[in-house]
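**Q** Curious how this folds, go ahead:
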Amino acid sequence: MNQEALDLIKNSQHIVFMTGAGVSTPSGIPDYRSMTGIYQGIDNPEYLLSHTCLISEPDKFYEFVKQLYHEEASPNIIHQKMKELEKTHDVSIISQNIDGLHDKVGSKKVVNFHGNLNDCYCLKCHENISVSTYLNSNRHENCGGLIRPNVVLYEEGLSEEAIEMSIHWLEKADLVVIVGTSFKVYPFSGLINYRNPQSSILVVNNEPISLSDTYMFVQEPAEYFFKAVLN
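**A** Residues are numbered from 1 along each chain as shown. Modelled structure (predicted):
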């Protein structure tokens, strides 16, 4: 099955990767929902990552969000191989992850569907703020405004631009590769309904996912599979 999946990638032209937390865990970034994930032991993480918490209890929001930053994390073999595939394929990446590692490795066509922790700005004066400045204080020293990362919080809408670009890529794909995600978070999972009906679907994940369409399944950690890509 693995060789068949590798051949499918090799012989496709327009590949869309849809990536989740399992792509970042080999870089040392814990996932959100597993027993070892960052939500463990926290009573109400949905509230702590909500727009209400940001505005009404900004310091509580800030203390939680700081835990999401892993500045030491580097792109791993999965990010690297997706980048390398650009030399021979049309590669687009739609990621649930907010760590920015696809951007860090230099991939050209990336939609961070839920935003990017590394993109911070002041709510008062709208100036862009560096991550290092934000991690030092959640208040802008120039105007006193509240700083926030540009990620989609609970109670907030998704970027229309992100949705439109994702749909555009999926409509012209001949292969969609779903990697490292349970594919349960909507509307991210709903994007698959916009794919080119002629495209194939490959899933690389520890567990099967629920999908009405037929897909090829590689059941193993994504970093193991991607070591063999392009070899």
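**Q** And the residue nearest to residue 86 when sequence neighbours are not counted, how close does it get to residue 90?
**A** Excluding its sequence neighbours, the residue lying closest to residue 86 (C-beta to C-beta, 6 or more residues apart in numbering) is residue 108, at 6.1 Å. In short, each C-beta sits where N, CA and C put it, glycine included. Residue 108 is 10 Å from residue 90, where distance means C-beta to C-beta, to the nearest Å.
**Q** More neighbours: these two, which one.
**A** residue 90 (16 against 11; other C-beta atoms under 10 Å).
**Q** Beyond the helix or strand bottoming out on mean pLDDT in the chain, next helix or strand please.
**A** Scoring the helices and strands of the chain by mean pLDDT, DSSP states H and E places helix 45-48 at the bottom, with a mean of 85. Sequence-wise, the next helix or strand downstream of helix 45-48 (DSSP states H and E) is helix 51-56.
**Q** Mean confidence (pLDDT) on the helix or strand that that following helix is followed by, please.
**A** Going down the chain from helix 51-56, the next helix or strand is helix 58-65, by DSSP H and E. Across helix 58-65, pLDDT averages out at 94.
**Q** what about helix 58-65, distance to the chain center?
**A** 21 Å (C-alpha atoms, centre = their mean, to the nearest Å).
**Q** which other helices and strands contact that helix?
**A** Helix 58-65 sits against helix 45-48, helix 51-56, with contacts defined as 3 or more C-beta pairs under 8 Å, 6 or more residues apart in numbering; DSSP states H and E.
**Q** how about these, which one is nearest residue 84?
**A** The closest of the helices and strands packed on helix 58-65 to residue 84 is helix 45-48. By C-beta to C-beta, the value is 35.2 Å.
**Q** Need the nearest residue in space to residue 19, chain neighbours excluded.
**A** Closest to residue 19 by C-beta to C-beta, 6+ apart is residue 95, at 4.5 Å.
**Q** follow-up on the earlier one: before we move on, which element is the residue nearest to residue 86 in?
**A** Going by DSSP H and E, residue 108 is not in any helix or strand.
**Q** Could you check how far it is from residue 133?
**A** Residue 108 is 28 Å from residue 133, by C-beta to C-beta.
**Q** go on, residue 212?
**A** For residue 212 relative to residue 133 (C-beta to C-beta), the value is 46 Å.
**Q** Show me which of the two is the more surrounded one.
**A** Between residue 212 and residue 133, counting by other C-beta under 10 Å, residue 133 is the more crowded of the two (14 against 7).
**Q** Identify the residues contacting the more buried one.
**A** Residue 133 is in contact with 120, 147, counting by C-beta atoms under 8 Å, 6 or more residues apart in numbering.
**Q** how much space between it and residue 127?
**A** The value you get for residue 133 to residue 127, if C-beta to C-beta is used, is 10 Å.
**Q** One more: residue 47?
**A** 28 Å.
**Q** Skipping its backbone neighbours, what lies nearest the spatially most central residue of the chain in space?
**A** Note on the chain: the residue nearest the mean C-alpha position is residue 97, at 2.2 Å, using C-alpha atoms, centre = their mean. Of all residues not flanking residue 97 in the chain, residue 24 sits nearest, at 5.2 Å (C-beta to C-beta, 6+ apart).
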